[in-house]
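J.: Mind folding the following:
(chains A and B)
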Amino acid sequence: MNLDTFMLMRDEIVLTGILLILLIAEVLWSPKNKKGLIYLGLLLFAGYTLQSFFSMGTGSLFGGSFKAYPLVNFFKASLAFGVMVILLQSVEWIKQKLLPNDFSAEFFILIFASLLGINFMVSSGDFLIFYIGLELATMPVIALTAFEFYNHRSVEAGVKYIMLASVSSAILLFGVSLVYATAGSIFFDDIKGALQLPLLEIIGLVMIFTGIAFKISLVPFHFWAADVYEGAPTVVSNYLSVISKAGAVYVLMTLLFITFRVFETEWNWIMYGIAILTMFVGNIFALRQQNMKRFLAFSSIAQAGFILLAMLSNDQMGVKAIIYFLLIYIFSNIAAFGVVHIISLKTGKENIDDYNGLYTSNPKLSLALMIALFSLAGIPPVSGFFAKFFLYAAAASKGYYVLIFIAVLNVTISLYYYLLPIRAAFLRRNEHPIPYFKIDIFSKIALVIVMVGLMVLGLYSGVFSYISSISNIF
Amino acid sequence: MDILSLFVVVPVLIVLAMVFFAKDLKRARIIALVGMLVQLAMSVNLIVKYMAVRNGGDHSIMLFTRNIPWFAEFNAHYHIGVDGISVLMILLTTLIVIAGIFVSWKIDYLPKEFFISLIVLASGVYGFFISLDLFTMFVFYEIAVIPMYLLIGIWGSGPREYAAMKLTLMLMGASALLLVALFGIYFYSGMNGQTPTFDILELSQRQMPFDAQKIFFPLAFIGFGTIGALFPFHTWSPDGHASAPTAVSMLHAGVLMKLGGYGIFRFAMFLMPAGALFWQDFFLILAVTGVTYGALSAIQQTDLKYINAYSSVSHLGLVLFALLMINKTAWNGAMLQTLSHGFITALFFALIGMIYGRTHVRDITKMRGMMRIVPFLGVGYVIAALANLGLPGFSGFVSEMTIFVGGFSNHDLYKQALTVLAVTSIVVTAVYMLRLTGRMLFGPVTKIYTNLPRAFWYEKTAIAILVVFMTLIGTLPFWWLQFIEESVDNFIKPLI
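T.: Residues are numbered from 1 along each chain as shown, chains lettered A, B, ... in the order given. Purely as a prediction, here's the structure:
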């Protein structure tokens, strides 16, 4: 190992550096003007995001514990970009709610620590780093969930999350130990070659899957999602539903496609069943939700079900489709949560009925909401359509036509509820809609970025081509 | 920029112009009108160029093609081109949108947004008519469908939210079936080690296995059929039409529902001929049921829009019926009927909108003697009614006659019997059309309506456009058929 190979971890090193700077700055900063810390955090993270887009090359560190290759680097950059947008959205919230309690630096530190965990998790080459990453990704988010400690729903959400997260971690760890017991190694590369005793290993795999499925909120491990999303501060729900979920999906993909490839026939039918369950449960529960955050929680459960379609393909096509979908999903969900966040922060209203007549008073915000929901529903020319199209294509390439039929049926169901907020904002005429308000500059920038992304990423195929060119991870 | 892509690009430019410059109704409608007049000039130019190229001896199946890789990894291309039928459909779309703009001249609620949605819908339709790649086609199809939700939901009347939701969900559900069929076609085209493709010209060279065609043809047929009001998947259409604002009903019945027949002709039957022949008899029953059921339902209705909506179900059922007959005469008739019904039904909805705008009633039992109050509209209505029931001289006669001749020329008792059944719909159509005109237009004047304003210039313009073209098809059918025939010849080849 020399400095060059060590720099394969540049993302993680820089992020750790930022964390430390913020910790020190928090102590040294003049207590009178803590506002400056917010901008410092934003600036540092913007720098991190920028550097993450520059290629880090391919290689492995610590005897294969840590791996870097173009796809994972691209994925980390996308996550960084997503977190950047979430941070922009949260500035106003930090100023209003956290600054008076002097918690603003902690917010940044916790978010960065969690992102660091996800980065380690997705680049891990063995179960040890993987597990450390997973825990590092989860623990700070639990604290963040309960961050509005004066709000009992937030605290309740935090407690719920910590209970279920620890149980799922325990199950995952048990699964890892079973695999270790049979394969004799915790390195993914060694396990791949050493899998022999199917039954015990399959039990191990199922347990590992359970732990990850909890993070992705696949049915039947989804029960925490709605409550936690609703109780947590909106920016944290946003982070949970987008970044943390995307990271877990990536890990699941690499585990299934590469490490446990030999069990393809075994896990295929598990994925098949869980995909159907997740889509139906997510969609059907979303139909009657009034609270926008719960609504988006169930919507994001359903979206996770769609991702499993591409898991079934188990080849490069699936990798492309999943990574592209995750990228678009980050944009769409951040946009949807962003609008909900802005409205809830300004007016305290979170119900669909409160949006009645929103277009007449806040046309731009309504348009942003419409584009975000269209993208989630998969309607062209918004990029969500292309993302879903490729997910189906991945499943269809293996002949799962019945599953695609069920999936498109679900898209029709989902279209119904995605149209409900649009109906409220555009169709309903209301004498007293939410009054016009000015959106703060940071949220505005964030919304513009995601809107441009949603319109461009699909129609312009360059991003997809790039993902295709680096998607050979086998 | 090639001349075909402009048909999609100009609407986008219109929308952009509208976003930045349309402050009020006056500006919005002028921008929309000027933009669509540009489209009209381009449509006429396309016809002229098209005829010049064909007369120059170029008999390739598609003209003015352009093929750009879009998602190269999936072999999905932006592939466009036109043949005779698409050229005519583009003209039809342009004319109906222009008539629609005139009809909406005085729209008061959110005018800018209204015209934007209308133009977006039109751009989707244009894109659909020029696409030669299933991927491109599907993208444009969905772009054409989704603005309907806003158009009906925001500017509609009656149970507008319900109607808008029903329409959107049914059409999107249908497009879901279509999507499955699309993937079937795509992946089976790569069976022999070739790269799978969405390109219809290339796909027609490859044989899809019969077993696969048997599964995927009905999906594609129902997918397209739903938007073409195939019985029993037509139920979105009466509710949608009844609640939609006038211009939207016109565009919807006049153009959007045509995507169904056109899609079956261009994609479903062309790419899966064996599947089409296998399912032909079954779907014929549905089509004939639609034809007669639509006509009989129209008799029962008293709401003007419902009458016309069911009449549309019946007349578009004839298009599907003719397509399923699979011979050249019937197909020529089907395409002619597509055009002719586009003009007739748009005229109907325009007139209904104008009458409703004055009386605020659509129930035919509640108004009489309209001919004396609004003579221009009355005459227009009589013309539309006569054209609809197939009076020689108007477009309805030529197209329906061709369809029935084509249907009956099958030497197959089953098909002949079904043709006879379908013919009865003409009689039923005459019943409800004549009864309607008699009740509403003639007789003693209903007192409360004596002071209604006569037709305004913009209303007269809209009606004139539609009537002129209706008559042109009726009196010069061979000029239109020359476009249709060559295209039908190419596309029926795999089937006979």
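
J.: what's the weakest-modelled helix or strand in chain B?
T.: Sorting the helices and strands of chain B by mean pLDDT, DSSP states H and E puts helix B:370-373 at the bottom, at a mean of 83.

J.: which strands and helices sit next to it?
T.: The contact analysis (3 or more Cβ pairs under 8 Å, 6 or more residues apart in numbering or on different chains; DSSP states H and E) places helix B:370-373 against helix B:375-388, helix B:413-441. C-beta: built from backbone N, CA, C; applies to glycine.

J.: Any residue of stretch A:319-331 touching chain B?
T.: Yes - judged by Cβ under 8 Å from any Cβ of the partner chain, stretch A:319-331 and chain B are in contact via residue A:320.

J.: tell me the mean pLDDT over that stretch?
T.: Across stretch A:319-331, the average pLDDT comes to 93.

J.: count of residues packed around residue 342?
T.: No chain specified, so I'll use chain A. By other Cβ atoms under 10 Å in any protein chain shown, 25 other residues sit near residue A:342.

J.: nope, chain B please
T.: Counted with other Cβ under 10 Å, residue B:342 comes out at 28.

J.: Could you do residue A:205 as well?
T.: Residues near residue A:205, counting by other Cβ under 10 Å: 23.

J.: again with residue A:186
T.: 19.

J.: all strands for the chain, in order.
T.: Assuming you mean chain A. Assigned by DSSP state E, the strands in chain A fall at A:59-61, A:66-68.

J.: look at chain B instead
T.: Here chain B has its strands, by DSSP E, at B:63-71, B:76-82.

J.: Nearest to chain A, out of the ones you listed?
T.: Closest approach to chain A among the strands of chain B is made by strand B:63-71 (4.9 Å; Cβ to the nearest Cβ).

J.: could you check the angle strand B:76-82 makes with the closest one?
T.: Angle between the axes of strand B:63-71 and strand B:76-82 is 170 degrees (criterion: axes from the mean of the first three to the mean of the last three Cα atoms, to 10 degrees).

J.: ok, now which ones touch the residue of chain B at minimum distance from chain A?
T.: Per Cβ to the nearest Cβ, residue B:176 is where chain B lies closest to chain A, at 3.3 Å. Neighbouring residues of residue B:176 by Cβ atoms under 8 Å, 6 or more residues apart in numbering or on different chains: A:405, A:408-409, A:411-412, B:223.

J.: Most neighbours among those residues, which one?
T.: residue B:223 (29 neighbours).

J.: which one is that residue nearest to, not counting chain neighbours?
T.: residue B:178 (3.1 Å; Cβ to Cβ, 6 or more residues apart in numbering or on different chains).

J.: So that neighbour versus residue B:231, what's the distance?
T.: 18 Å (Cβ to Cβ, to the nearest Å).

J.: Counting neighbours, go ahead and name the busier of those two.
T.: residue B:178 (27 against 21).

J.: okay, the more buried one: pLDDT?
T.: As predicted, residue B:178 sits at a pLDDT of 91.

J.: my guess is it contacts residue B:224, does it?
T.: Yes - applying Cβ atoms under 8 Å, one finds residue B:178 in contact with residue B:224, separated by 6.7 Å.

J.: where does residue A:85 land on pLDDT?
T.: Looking at residue A:85, the pLDDT reads 94.

J.: what's it in contact with, if anything?
T.: Neighbours of residue A:85 in contact, by Cβ under 8 Å, 6+ apart: A:334, A:338, A:446, A:449-450.

J.: between those, which has the most around it?
T.: residue A:334 (31 neighbours).

J.: Wait, it touches residue A:82, no?
T.: Yes - between residue A:334 and residue A:82 there is a contact at 6.1 Å, judged by Cβ under 8 Å.

J.: Any chance you could list residues touching both of the two?
T.: Counting by Cβ under 8 Å, 6+ apart, the common neighbours of residue A:334 and residue A:82 are residue A:242.

J.: Write out the residues of chain B neighbouring chain A.
T.: Taking Cβ under 8 Å from any Cβ, the part of chain B that reaches chain A is made up of B:69-74, B:139, B:142-143, B:146, B:149-150, B:153-154, B:160-161, B:164-165, B:168-169, B:172-173, B:176-177, B:179-180, B:183-184, B:186-187, B:215.

J.: What subset of those is buried?
T.: Buried members of the residues of chain B next to chain A, counted by 16 or more other Cβ atoms under 10 Å in any protein chain shown: B:70-71, B:73-74, B:139, B:142-143, B:146, B:149-150, B:153-154, B:160-161, B:164-165, B:168-169, B:172-173, B:176-177, B:179-180, B:183-184, B:186-187.

J.: count of residues packed around residue 86?
T.: Using chain A. 23.

J.: look at chain B instead
T.: A count of nearby residues for residue B:86, using other Cβ under 10 Å, gives 27.

J.: which residues touch residue A:173?
T.: Listed by Cβ under 8 Å, 6+ apart, the contact partners of residue A:173 are A:131, A:211.

J.: Do you know the pLDDT at it?
T.: pLDDT, residue A:173: 93.

J.: same thing with the one 3 residues further on?
T.: Note on residue A:176: pLDDT of 92.

J.: So it sits against residue A:208, correct?
T.: Yes - at 6.3 Å, residue A:176 counts as touching residue A:208 under the criterion of Cβ under 8 Å.

J.: More neighbours: which of these two?
T.: Set residue A:176 next to residue A:208 and count neighbours by other Cβ under 10 Å: residue A:208 wins out with 26 against 20.

J.: What distance do you get for the more buried one to chain B?
T.: Distance of residue A:208 to chain B, computed by Cβ to the nearest Cβ, to the nearest Å: 31 Å.

J.: Contact residues of chain A facing chain B?
T.: By Cβ under 8 Å from any Cβ, the residues of chain A that approach chain B are A:320, A:374, A:379-381, A:385-386, A:389-390, A:392-393, A:396-397, A:399, A:401, A:404-405, A:408-409, A:411-412, A:415-416, A:419, A:422-423, A:426-427, A:461, A:464-465, A:468.

J.: repeat that for 7 Å
T.: Proximity of chain A to chain B (Cβ under 7 Å from any Cβ of the partner chain) is limited to residues A:320, A:379-381, A:385, A:392-393, A:396-397, A:401, A:404-405, A:408-409, A:411-412, A:415-416, A:419, A:423, A:426-427, A:461, A:464-465, A:468.

J.: Show only the entries of these found in helices.
T.: Residues of the residues of chain A next to chain B located in helices (DSSP state H): A:320, A:385, A:392-393, A:396, A:401, A:404-405, A:408-409, A:411-412, A:415-416, A:419, A:464-465, A:468.

J.: Check these for burial and list the buried ones.
T.: The neighbour-count criterion (16+ other Cβ under 10 Å) marks A:320, A:385, A:392-393, A:396, A:401, A:404-405, A:408-409, A:411-412, A:415-416, A:419, A:464, A:468 among those as buried.

J.: number of nearby residues for residue A:126?
T.: The local packing of residue A:126 (other Cβ under 10 Å) involves 21 other residues.

J.: And stretch B:203-220, what's buried?
T.: Neighbour count says stretch B:203-220 has B:203-204, B:206, B:208, B:212-213, B:216-220 buried, by 16+ other Cβ under 10 Å.
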